[in-house]
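> sequence and predicted structure are below.
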Amino acid sequence: MSQNPEISTNQSQNHTRVINTVLGRLEKQALLWLAARMPAWVVPDTLTFIGLLASVIILVGYGLTYFNISFLWLASFGFIVQWFGDSLDGTLARYRKIERPRYGFFVDHIIDSVSEVLVFIGIGLSPFVRFDLALLALIAYLLLSIYVYLVTYVNGIFRISYAYLGPTEMRLLAIIVNTVIFFTGNTTLNLFGFTGTFFDIVAVVFIVAAAIIFAINTIHTAMALSVEDRARARAQSLQRRAAKIARRQALRDERAMRKAAARAAKRSGKGSRAWEIPQTGPLDD
């Protein structure tokens, strides 16, 4: 397990990316290896489109499992292709030094949101999980995404991993679940009074975990921002008060200098008149 998060700052984006995942170090090496070997005609936008196309493959794969369970392998293949496109586009842009930070950040995460909608709808269309649970899982995922984007805006920290799990780990877990279901069947289980299929219980665990992570991090961030804003407000108030005191002192000093100058001028005027010889008229012979 990686204990050192990957932290990179992009000045043009004005945010710091924080990635601390189980597979983070190995994934970074693999992506750099792939980026160095991509043909020139493959550009980041090409990979972004491949990632979106892979989401459609996942949707179709899960949907077709209603007719044949073997289509789970198509869905798993879609997750691999999605990782390739979604994870490599940014790495390739940075490797070739052709980043378009604002465009890339916007388009990449818009595509991510659309992709997740397609994936969770596909899962809900399969016979392995209830559609309402799939939609609740989608809501939980989007809430976490909204939290991440808002924190990026207010704090300049773009954290895409929690509890050592990121998008890559989630895709790997989905592939593992698909494999288990293919070989064992979607058996019915009971977990803490909830009865459902294996995939149903996985969905419930995901919903609960995502909700807890969202709630804890939202409260923690809100409290931290409140403390920072109050401290900033106090500092600004002290600065305004100090500036006001300084202005008053400057006015008092200016008035004192004017009075001192007036007194000095008055004393100077009296001294010059004392040495003057009064002229009372013409002198007598």
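Arrived safely.

> all the strands of the stretch 101-250 of the chain, in order from the start?
With DSSP state E, counting those that start in this stretch, the ranges of strands along the stretch 101-250 of the chain come out as 157-159, 188-191, 194-197.

> so what's the residue lying closest to Arg96 once chain neighbours are set aside up against?
Leaving aside its chain neighbours, Arg96 sits nearest to Ala35 (7.7 Å; criterion: Cβ to Cβ, 6 or more residues apart in numbering). Backbone N, C-alpha and C define where each C-beta goes, glycine included. Residues near Ala35 by Cβ atoms under 8 Å, 6 or more residues apart in numbering: 88, 91-92, 95-96.

> what about the helices in the stretch 51-200 of the chain?
72-96, 101-125, 131-155, 167-184, 198-274 (DSSP state H, counting those that start in this stretch).

> and the ones you listed, which is most packed in?
Between the helices of the stretch 51-200 of the chain, helix 72-96 has the highest mean count of neighbours, a mean of 20, where neighbours are mean count of other Cβ atoms under 10 Å.

> what distance separates that one from the middle of the whole chain?
Distance of helix 72-96 from the chain centroid (Cα atoms, centre = their mean, to the nearest Å) equals 21 Å.

> ditto for stretch 129-139
The chain centre lies 25 Å from the centre of stretch 129-139; the measure is Cα atoms, centre = their mean.

> for it, the averaged confidence score.
For stretch 129-139, the mean pLDDT works out to 93.

> which residues does it contact?
Residues from elsewhere that reach stretch 129-139 (Cβ under 8 Å, 6+ apart): 116-117, 120-121, 123-125, 196-197, 199-200, 202-204, 206-207, 210.

> low-confidence ranges in the protein?
Residue ranges of the chain with pLDDT under 70: 1-15, 17-19, 161-164, 191-194, 269-285.

> Ile213 against Leu143, yeah?
No: using Cβ atoms under 8 Å, Ile213 makes no contact with Leu143, being 9.6 Å away.

> just to revisit the earlier point, which of the strands of the stretch 101-250 of the chain sits closest to Ala250?
With Cβ to Cβ, the closest approach to Ala250 among those belongs to strand 157-159: 42.1 Å.

> ok so, going back, return the most buried member of the strands of the stretch 101-250 of the chain.
On a mean-neighbour basis (criterion: mean count of other Cβ under 10 Å), the most buried of these is strand 157-159, at a mean of 18.

> partners of that strand in the sheet?
The pairing partners recorded for strand 157-159 under DSSP bridges are strand 15-19 (parallel).

> wait, what's in contact with Ala203?
Ala203 is in contact with 123, 129-130, 133-134, 136-137, counting by Cβ under 8 Å, 6+ apart.

> distance of it from Leu118?
Using Cβ to Cβ, to the nearest Å, we find Ala203 at a distance of 16 Å from Leu118.

> what's the answer for Val208, then?
When distance is defined by Cβ to Cβ, Val208 is 23 Å away from Leu118.

> repeat that for Ile207.
Applying Cβ to Cβ to Ile207 and Leu118 gives a distance of 19 Å.
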